[in-house]
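*Asks:* Predicted model, plus sequence, below.
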Amino acid sequence: MNIDSKRKKHLLMLLSIVVVLILFLLSINLGSIKLEISELLKGLLFNSNDPKINIIRDIRIPRVLAAIIIGGNLAVSGVLLQAIIRNPLAEPSIVGISSGASLVSVIILLFLPKLNYIRPLFGFIGGLIGCMMVFLLAYKKNLSPIRIVLAGVAVNAMLTALTNITTQFGAGAVSSIQSWLTGSLANITWMDIKLLLVYSIFGYIGAFLLYKSCDLISLGEKNAKSLGLNYDLHTILICIVAVFLSSTATSIGGIIAFVGLIVPHICRIIIGSSHKYLIPFSTIIGGMLLLIADTIGRICFNPLEIPVGVVMAVIGGPVFLYLLRRSGI
């Protein structure tokens, strides 16, 4: 199914936003504490001091918002990476961004907590270093899928080991950081949401401004240059935006794999390959997917809670293997 008309695409995106809003309301009211929708809305709108409302407002809502924003970030990052590498397997966790960002974020959390408000910026630096390491190791005339995967495995293993070593210096914080590294949104606060929003907005603006460049680069280097595009400059800019979005997500939510792999493929099938629509639609669907995954992990195994990163690994692992097999390498 591929929707052609602009009107249908706009309607589909509007419908998707409505679905996300419905899922938002359902998710914040699922768990050991439940309220009637009317009672919930009244309590939230009129700033009730009811303990149940306080739990929903201060714990559940930040978590649900984080899932939506982080899912959108990772999905758009995957779209951008797949555009510039022209590789269906390109994804933030595979190309070293997530492991690089998580290493630097752990260092900030443990040793420089006063710099927490710019943790996403430090995460961006770590993500950029991790991504560059993978690309440098994988490049040989071009970036083949198998070399990216192998280089990604090596770099991720090395950076993850360094992260685990660093975590051991955290004394009493080891348990919470290990939980965070698995992609847990359990301890998200309103301060985290503010950080996510501020940094993510800049990333989304950059992505939307570069959608035409993504379309041209997807045609190949020769075609893009023949159409007047400064290929190298725009490739670097798109890569920077992709790393920035995924590093921001990782610095707050930990390592959550496969969102940037699955969502772009689903969205291309539904809405086509034009990045004018693919980027915003992937933002919505990425948020929707991660919200569903986090809700499943939070509710289905109650009183145990499965981190959303683990849920996404269960969902995304088979999809990754399928794409790897289909690519014929």
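*Replies:* Here it is on my side, so go on.
*Asks:* give me the number of residues near residue 139?
*Replies:* 13 (other C-beta atoms under 10 Å). The C-beta positions use only the backbone N, C-alpha and C, and glycine is treated the same way.
*Asks:* next one: residue 49
*Replies:* When neighbours are counted by other C-beta under 10 Å, residue 49 comes out with 7.
*Asks:* Centre-most residue in the chain?
*Replies:* Central residue of the chain (C-alpha atoms, centre = their mean): residue 74, 2.1 Å from the mean position.
*Asks:* Could you report the distance from that one to residue 124?
*Replies:* 14 Å (C-beta to C-beta, to the nearest Å).
*Asks:* What residues of the helix-or-strand element of the chain with minimal mean pLDDT count as buried?
*Replies:* Sorting the helices and strands of the chain by mean pLDDT, DSSP states H and E puts helix 37-45 at the bottom, at a mean of 77. Of all the residues in helix 37-45, those buried under the rule 16 or more other C-beta atoms under 10 Å are 40, 43.
*Asks:* which secondary structure elements does it contact?
*Replies:* Judged by 3 or more C-beta pairs under 8 Å, 6 or more residues apart in numbering; DSSP states H and E, the packing partners of helix 37-45 are helix 6-28, helix 51-55.
*Asks:* Can you list the neighbours in contact with it?
*Replies:* Helix 37-45 is contacted from outside by 25, 28, 29, 35, 48, 50, 52, 53, 56, 57, using C-beta atoms under 8 Å, 6 or more residues apart in numbering.
*Asks:* Would you check the distance separating that helix from the middle of the chain?
*Replies:* Mean-position distance between helix 37-45 and its chain equals 30 Å (C-alpha atoms, centre = their mean, to the nearest Å).
*Asks:* likewise stretch 261-270?
*Replies:* That offset, for stretch 261-270, works out to 14 Å (C-alpha atoms, centre = their mean).
*Asks:* Residues contacting it, please?
*Replies:* 1-3, 12, 71, 74-75, 78-79, 82, 88-89, 91, 94, 278, 281-282, 285-286, 289, 315-316, 319-320, 323.
*Asks:* before we move on, what about stretch 158-172?
*Replies:* 96, 99-100, 102-103, 106-107, 109-111, 130, 174, 177-178, 181.
*Asks:* Just the buried ones from those residues?
*Replies:* 96, 99, 100, 102, 103, 106, 107, 109, 110, 130, 177, 181.
*Asks:* Any chance of a markdown table for the residues you listed, columns pLDDT, secondary structure and distance to residue 158?
*Replies:* Below are the buried ones among the contacts of stretch 158-172 laid out as a markdown table (pLDDT from 0 to 100; DSSP: H, G, I helix; E, B strand; the rest coil; distance: C-beta to C-beta, whole Å):
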| residue | pLDDT | secondary structure | distance to residue 158 |
| --- | --- | --- | --- |
| 96 | 90 | coil | 9 |
| 99 | 93 | helix | 8 |
| 100 | 94 | helix | 10 |
| 102 | 94 | helix | 13 |
| 103 | 94 | helix | 10 |
| 106 | 92 | helix | 15 |
| 107 | 92 | helix | 15 |
| 109 | 87 | helix | 20 |
| 110 | 88 | helix | 19 |
| 130 | 93 | helix | 9 |
| 177 | 84 | helix | 19 |
| 181 | 87 | helix | 15 |
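*Asks:* Turn the residues you listed into JSON lines, columns for distance to residue 8.
*Replies:* Compiled in JSON lines, the buried ones among the contacts of stretch 158-172 are given as follows (distance: C-beta to C-beta, whole Å):
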{"residue": "96", "distance to residue 8": "38"}
{"residue": "99", "distance to residue 8": "39"}
{"residue": "100", "distance to residue 8": "40"}
{"residue": "102", "distance to residue 8": "40"}
{"residue": "103", "distance to residue 8": "44"}
{"residue": "106", "distance to residue 8": "45"}
{"residue": "107", "distance to residue 8": "47"}
{"residue": "109", "distance to residue 8": "45"}
{"residue": "110", "distance to residue 8": "50"}
{"residue": "130", "distance to residue 8": "39"}
{"residue": "177", "distance to residue 8": "46"}
{"residue": "181", "distance to residue 8": "41"}
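*Asks:* before we move on, the earlier item: where among the helices and strands packed on helix 37-45 is average confidence lowest?
*Replies:* Among the helices and strands packed on helix 37-45, helix 51-55 carries the lowest mean pLDDT, a mean of 85.
*Asks:* So what touches that one?
*Replies:* 33, 35, 40, 43, 44.
*Asks:* now, which of those sits nearest residue 157?
*Replies:* residue 33 (40.9 Å; C-beta to C-beta).
*Asks:* ok, and the closest non-adjacent residue to that closest one?
*Replies:* Once flanking residues are discounted, residue 33 sits nearest to residue 52: 5.0 Å by C-beta to C-beta, 6 or more residues apart in numbering.
*Asks:* swap in residue 17?
*Replies:* That would be residue 284: by C-beta to C-beta, 6+ apart, it lies 6.0 Å from residue 17.
*Asks:* residues contacting that neighbour?
*Replies:* 13, 16, 17, 20, 72.
*Asks:* So what's the residue count around the residue nearest to residue 33?
*Replies:* Neighbour tally, residue 52, other C-beta under 10 Å: 15.
*Asks:* Distance check, it against residue 164.
*Replies:* 39 Å.
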